[in-house]
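Enquirer: Quick one, what's the 3D model for this:
(one chain, ligands or ions: 1)
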Amino acid sequence: MPGFELFGAEERKEVNDVLETGILMRYGFDGPRQGIWKAKELEQAITEVFGCGYAQLTANGTAALTTAMAALGIGAGDEVIMPGFTFVASFEAVLSVGAVPVLVDIDETLTLKPSAVRAAITPKTKCVMPVHMCGSMADLDALKQICDEHQLILLEDACQSIGGAYKGKSLGTIGHAGTFSFDFVKTITCAEGGVVMTNSEEVYRKSDGYTDHGHDHLGVDRGADLHPFIGYNYRISELHAAVGLAQIRKLGTFLGLQKKNNKALRAYLEQIPEVSFRVVPEGGDDSCSFISWFLPTEALTKAVVAEMKEQGILAGNFYWFVNNWHYISKWDHLKNATTLNALSDVQKAALLKLRETDFSASDAIMSRCISTAISLVWTDEQIRDKGEKMVAVIKKVLQANS
Ligand SMILES: *Cc1c(COP(=O)(O)O)cnc(C)c1O
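Expert: Now for the predicted structure:
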């Protein structure tokens, strides 16, 4: 899964270019930087590799989501429909712009269930935000149709699905805007970084200003820039962008290894008829950063997790159902609206309502799901060992419970 596994000379070279000039900031200092513009170069590479009109780098993926929402005009009191299975950053970003996260069920794609989205629409709904979890995607045609019908914004949280595609287009480039994270464990890392991708010149221009205190970036003199609106500082540094630039050039290698290793390990799990796999929507191309698989019942899944732990092979296998970061069942801070600064009354009421919301349809899926992270550096021997041990554990548990 993560690009950090193949960190090396290429990254050091790009970072050294920046260290040579000492201009660590992405804007200004045109003379002393001697033509070194790593953030600009990375933005250009992103538009080319992923096929989008515009790319605005940010300090991290959470900031990318916040920026995208602000640029799309999502703000106070607007409802954003999102899945109950995601990383906490998704709802953090919604709250940060004053909007209201409306969490709904997922289906066996492990992302938004279209019928649950439809049922959650109110006059306050402004945006549908699918989160393409673990490398694969939501049913984007179905969601696009809903958004078109109700004139809603489609914002893709593609932070975890760099390299995945749907009907020939890169995830993150299909909605009105989409985001990637380049944090340390993502498919491309900058150490910390993120990007807003869009085909709208206006959304791009707003994102550009918003991430740099509202600067219009029109003049050559930063000090003379005007501020058409209020922004924040969500800038990426040249050092971080330099790492990303080396990484994006290796993306083809990362994805090739990921697909090969995923396929080889999956072949072991496919030997067991009781094991089923995450649904990839028709026309979807999984980035293969994980294998997400299901057992027939929650009890069997818990027994397999316990047995894998017992045998010391649980590392890299995620049972999200009981994980504190990724699933609604454990987000007490969200459901209790525990914040440091006051939320708006509407936000607070919406969060407290989550305590009574029925997520049994999601529970029925998440309680049976294990996601196995795919390493880029596994040897064939390691995959065989891993595959054989996993199969043995699953068979043992199935036998004991038959
Ligand atoms: C990683 C991630 C983010 C946020 O990224 P950071 O760069 O860590 O802020 C947002 N959404 C999802 C689904 C993620 O996995």
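Enquirer: what kind of secondary structure is the closest residue to residue 158 other than its chain neighbours in?
Expert: Once flanking residues are discounted, residue 158 sits nearest to residue 172: 3.3 Å by Cβ to Cβ, 6 or more residues apart in numbering. The way it works is simple: take the backbone N, C-alpha and C, and place the C-beta from them, glycine included. The three-state label given to residue 172 by DSSP: H, G, I helix; E, B strand; the rest coil is coil.
Enquirer: What's the local residue count around the residue of the stretch 1-150 of the chain found nearest the ligand?
Expert: Taking Cβ to the nearest ligand atom as the measure, the point where the stretch 1-150 of the chain comes nearest the ligand is residue 61, at 2.5 Å. Per other Cβ atoms under 10 Å, the neighbour tally for residue 61 reads 27.
Enquirer: ok, and the closest non-adjacent residue to it?
Expert: residue 181 (2.5 Å).
Enquirer: Isn't the one you found up against residue 196?
Expert: No: Residue 181 lies out of contact with residue 196 (Cβ atoms under 8 Å); the separation is 11.3 Å.
Enquirer: Would you mind finding the longest helix in this structure?
Expert: helix 380-400 (DSSP state H).
Enquirer: how far out from the middle of the chain is that helix?
Expert: Taking Cα atoms, centre = their mean, to the nearest Å, one finds helix 380-400 lying 29 Å from the centre of the chain it belongs to.
Enquirer: Ok, stretch 329-341 next?
Expert: With Cα atoms, centre = their mean, you get 21 Å for stretch 329-341.
Enquirer: What lies in contact with that stretch?
Expert: 88, 91, 95, 321-324, 328, 343, 347-348, 351-352, 354-355, 359, 363, 366 (Cβ atoms under 8 Å, 6 or more residues apart in numbering).
Enquirer: Got a quick PyMOL command for the buried subset of those residues?
Expert: Buried residues within the contacts of stretch 329-341, by 16 or more other Cβ atoms under 10 Å, are selected in PyMOL with:
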select buried, resi 91+95+321+328+343+347+351+354+359+363+366
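Enquirer: ok, is stretch 86-103 in contact with the ligand or not?
Expert: Yes: for stretch 86-103, a contact with the ligand is found by Cβ under 6 Å from any ligand atom, at 86-87, 89-90.
Enquirer: which of the residues you listed tops the neighbour count?
Expert: Busiest of the residues of stretch 86-103 next to the ligand [other Cβ under 10 Å] is residue 86, holding 28 neighbours.
Enquirer: could you list every residue that touches that one?
Expert: Residue 86 neighbours (Cβ under 8 Å, 6+ apart): 131, 133, 157, 326.
Enquirer: Would you mind confirming that residue 328 is in contact with residue 88?
Expert: No: counting by Cβ under 8 Å, residue 328 sits too far from residue 88 to count as a contact (10.5 Å).
Enquirer: still on that earlier bit, report the contact partners of the residue of the stretch 1-150 of the chain closest to the ligand.
Expert: 89, 159, 179-183, 186, 193-194.
Enquirer: quick one on the thing from earlier: list phi and psi for the residue nearest to residue 61.
Expert: phi -110, psi 140 (degrees, to the nearest 10).
Enquirer: Check residue 56 too.
Expert: Per degrees, to the nearest 10, the backbone of residue 56 is at phi -120, psi 110.
Enquirer: Give me the three-state assignment for the closest residue to it other than its chain neighbours.
Expert: Leaving aside its sequence neighbours, residue 56 sits nearest to residue 207 (Cβ to Cβ, 6+ apart; 4.0 Å). Classification of residue 207 using three-state DSSP returns helix.
Enquirer: what do you get for residue 116?
Expert: helix.
Enquirer: sec struct for the residue sitting nearest the centre point of the chain, please.
Expert: In the chain, the centroid-proximal residue (Cα atoms, centre = their mean) is residue 159; its distance is 2.2 Å. Following three-state DSSP, the label given to residue 159 is coil.
Enquirer: Surely it and residue 186 touch.
Expert: Yes: counting by Cβ under 8 Å, residue 159 touches residue 186, with 6.9 Å between them.
Enquirer: Model confidence for the closest residue to residue 393 other than its chain neighbours, exactly?
Expert: What sits nearest to residue 393 in space, not counting adjacent residues and going by Cβ to Cβ, 6+ apart, is residue 307, at 4.8 Å. With respect to pLDDT, residue 307 has a value of 97.
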